[in-house]
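1. Here's a sequence, model it:
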Amino acid sequence: MAILDQISCPKCGASVKLSPGQEFYSCPYCKATSHIHEAAPPPGAQPLNMPGQQPFGMPGQAPYGMPGQPPYPMGPMMPPPMPAYRVRSGGNPGAVIGVAVGLVSMIAVGAVVAVGAGTAAFTARRSKPPTTMGGPTVTAVAPSAPEFQFTDRPLLFDVNGDGVQDLIGTCRKWVPVEENWIGAYSGADGSALWSIPTQKEMAQWDARRAIAGDKLVVADSLGKVTAYGARNGKPAWTATLGEKPREVCVGTDFVGIDTADKQKRVFALSDGAPRPPAPKGSCKPTWTSGTDDGPGYRIIGWSDFDDVGLPSLHSIQGMDAHRALVPEDGRLRFMMGSKSPGTQVAMVAAVDGKKVVWKGLVPGVDPLTTTVNVTTQVAALSQGKLVIPYTMSDHRSVRIACLDAATGARSWDVDVPGVTNSVTHGIAIAGNQVFYSTWTSVHVLNLANGSHRWFVGRD
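-> Below is the predicted model of the structure:
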């Protein structure tokens, strides 16, 4: 086991200190439990041989390196290869962060740890048929520009006026230096439309980003609010919360932000001027980085079921319901949870009041090959379609089921190609497209048949 001094929690991004030989840790902030384990060395990696030492590797195995190539030569400041390690989140199953550990110099040997939510990402590109490269099946992609990760829930707005909802969210890369920005990408093909360099405070787990009217509103972790034009990324106004943001809602000409001290600040969308508290019901859910809500519906936990007249946690026969999608309009609401009694398998039920209209398993494959975290289940609803992602038990692949909202009939059930980071970050429907995000990428599927269209970032 390598000695890792400090990493970032894959769920909330907080720094976590590790002890030598530690295999599990619990984040002191978000309480996610994670497992640390060693992955295979990177392709083509070679060892650094110290005088009198054997090359890195197991007895009887060849050292890291390509056939016919010598190991790294000795010399000042010659870097060794960096064995790769991964941390898998138990709080959010399947969260994977890459940790590179290497020697700093030939004189003083120290651990250098580079932490990120997954491996580095490619720029947007269309899907191509899977290609086998001497082992696992992978999605073939064209060479790309400097690599980055898309690290946000899908925020959607028609940026370029073509009638297709475009993608907006936070991005980052570490090579050659760390950079953070908010970018807009075409909903038609994933091409870049605009970008805004940002500070880390705008992208941290306790910051909030939301689409409000024709503005992108960013409330950072220090309580500063900045509004940008969603069509061009240009700054429009700034304001101060005086507290950390929590939830965001939108009215006809204003944006409301709930803060950690249980207050609601209201600002005019045009110029950021403070407004009096909005009338109850006038501030609606919107696409935001902080919640799984979408336009026209909320996602709530079981502790709020009674407030909206839903069945309780254990009252639906054969199922424990932990979360629910609650539309603003329409009688049907959708309870998400797991099979009970028996092996935990994702389930969903449509209810009218407390009456169950239909219920069933979410997976369209062998349910015992899947897994579920009942506290983080998400879904999206639009045009009579309910889409729900679910995770395979290897924690390295994700499928999405599309069900008829009225009957529960399965329209399609597909694998999301290229996903190796199985932590679902959000899902949304806009027009004829489904936007599904992990911690480090967004994949776009056709709502009609589930075919994969394009993606931004890479797991």
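2. what's the average pLDDT for stretch 439-448?
-> Mean pLDDT, stretch 439-448: 94.
3. what comes up buried for it?
-> The neighbour-count check on stretch 439-448 (16 or more other C-beta atoms under 10 Å) flags Trp439, Thr440, Ser441, Val442, His443, Val444, Leu445, Leu447 as buried. Bear in mind the C-beta positions are built from the backbone N, C-alpha and C, glycine included.
4. Now do the end-to-end distance for that stretch.
-> 25 Å (C-alpha to C-alpha, to the nearest Å).
5. try stretch 307-327
-> Across stretch 307-327, first to last residue, C-alpha to C-alpha, it's 14 Å.
6. got a list of contacts for it?
-> Stretch 307-327 is contacted by residues 296-302, 305-306, 333-340, 347, 349, 351, 353-354, 356, 359, 374-375, 377-379, 381, 386 when judged by C-beta atoms under 8 Å, 6 or more residues apart in numbering.
7. Mind checking which of those residues land in strands?
-> Counting by DSSP state E, these place 297-301, 333-339, 347, 349, 351, 356, 359, 381, 386 in strands.
8. Now, of those residues, which are buried?
-> Among the ones in strands among the contacts of stretch 307-327, the ones that count as buried by 16+ other C-beta under 10 Å are 297-300, 333-339, 347, 349, 351, 356, 359, 381, 386.
9. Does Ala346 touch Val362 like I think?
-> Yes - with contacts counted by C-beta atoms under 8 Å, Ala346 reaches Val362, the gap being 3.8 Å.
10. for the stretch 301-450 of the chain, what spans make up the strands?
-> Secondary structure of the stretch 301-450 of the chain, counting by DSSP state E, counting those that start in this stretch: strands at 319-327, 332-339, 346-352, 355-361, 370-371, 380-382, 385-392, 398-404, 410-415, 426-430, 433-437, 441-446.
11. right, and the ones you listed - which one's nearest Gly290?
-> Proximity to Gly290 (C-beta to C-beta) singles out strand 426-430 among the strands of the stretch 301-450 of the chain, at 10.4 Å.
12. Just want the angle from that closest one to strand 433-437.
-> Interaxial angle, strand 426-430 versus strand 433-437 (axes from the mean of the first three to the mean of the last three C-alpha atoms, to 10 degrees): 170 degrees.
13. which neighbours does strand 426-430 have in its sheet, and in what orientation?
-> strand 433-437 (antiparallel) (DSSP bridges).
14. hey, C-alpha coordinates of the partner strand in PDB?
-> Coordinates of the C-alpha atoms in strand 433-437 are reproduced here as PDB (Å, rounded to 0.1, in the frame of the first residue of the first chain):
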ATOM      1  CA  GLN A 433     -32.300  14.900 -25.700                       C
ATOM      2  CA  VAL A 434     -31.300  13.300 -22.400                       C
ATOM      3  CA  PHE A 435     -28.300  14.900 -20.600                       C
ATOM      4  CA  TYR A 436     -26.600  12.600 -18.200                       C
ATOM      5  CA  SER A 437     -23.600  13.700 -16.100                       C
END
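15. what's next to it, contact-wise?
-> Strand 433-437 is contacted by residues 150, 152-154, 156, 164-165, 167, 169, 187, 380, 387, 389, 398, 400, 402, 416, 424-429, 442-447, 450, 453 when judged by C-beta under 8 Å, 6+ apart.
16. To what extent is Gln317 buried, counted in neighbours?
-> Residues near Gln317, counting by other C-beta atoms under 10 Å, number 9.
17. how far away is it from Gly301?
-> Gln317 sits 21 Å away from Gly301, taking C-beta to C-beta, to the nearest Å as the criterion.
18. tell me which element Asp271 is part of?
-> Asp271 is part of no helix or strand, with elements assigned from DSSP states H and E.
19. Please list all residues in contact with it.
-> Neighbours of Asp271 in contact, by C-beta under 8 Å, 6+ apart: Ala236, Trp237.
20. quick one: pLDDT of it?
-> 96.
21. Could I get the contacting residues of Val414?
-> With C-beta under 8 Å, 6+ apart, Val414 has these contacts: Arg399, Ile400, Leu445, Gly450, Ser451, His452.
22. Need those residues in TSV (columns: distance to Pro367).
-> Formatted as TSV, these follow (distance: C-beta to C-beta, whole Å):
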residue	distance to Pro367
Arg399	12
Ile400	16
Leu445	22
Gly450	19
Ser451	24
His452	23
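23. wait, which of those is closest to Trp174?
-> So of the contacts of Val414, ranked by how close each gets to Trp174 (C-beta to C-beta), first place is His452, at 27.0 Å.
24. Settle this for me: that closest one is touching Trp412, isn't it.
-> No - the criterion here is C-beta under 8 Å, and His452 misses it with Trp412 at 11.7 Å.
25. domains for this structure, by residue range?
-> With domains defined by automatic domain parsing, the chain comprises 1-42+79-116, 297-415.
26. worst average pLDDT in those domains?
-> Of all those, the minimum mean pLDDT falls on domain 1-42+79-116 (a mean of 47).
27. buried ones in stretch 368-388?
-> 370-374, 376-382, 385-388.
28. With stretch 268-287 instead?
-> Within stretch 268-287, the residues scored as buried using 16+ other C-beta under 10 Å are Ala268, Leu269, Gly272, Arg275, Ala278, Cys283, Pro285, Thr286, Trp287.
29. Which strand residues bridge the closest residue to the third one other than its chain neighbours?
-> Right, the one you point to is Gly272. Using C-beta to C-beta, 6 or more residues apart in numbering and skipping residues adjacent in sequence, the residue nearest Gly272 is Trp237, 3.5 Å away. Here Trp237 shows beta-bridge partners Ala227, assigned using DSSP bridges.
30. for Trp237, what are its contacts?
-> By C-beta under 8 Å, 6+ apart, the contact list for Trp237 reads Thr226, Ala227, Asp271, Gly272.
31. go again using 6 Å as the cut-off
-> For Trp237, the contact set (C-beta atoms under 6 Å, 6 or more residues apart in numbering) comprises Ala227, Asp271, Gly272.
32. Restricted to strands, list the buried residues of stretch 268-287.
-> Cross-referencing these against strands under DSSP E gives Ala268, Arg275.
33. Just send the buried residues of stretch 268-287 back as a markdown table, with distance to Gly256 too.
-> Converted to a markdown table, the buried residues of stretch 268-287 look like this (distance: C-beta to C-beta, whole Å):
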| residue | distance to Gly256 |
| --- | --- |
| Ala268 | 11 |
| Leu269 | 11 |
| Gly272 | 13 |
| Arg275 | 9 |
| Ala278 | 6 |
| Cys283 | 4 |
| Pro285 | 11 |
| Thr286 | 10 |
| Trp287 | 15 |
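34. circling back to that earlier point, any idea which of the strands of the stretch 301-450 of the chain gets closest to Trp181?
-> Using C-beta to C-beta, the nearest of these to Trp181 is strand 441-446, at 15.1 Å.
35. Specify the angle between the closest one and strand 433-437 in degrees.
-> Relative orientation of strand 441-446 versus strand 433-437 (the same axes, to 10 degrees): 160 degrees.
36. Perfect, I'm done here.
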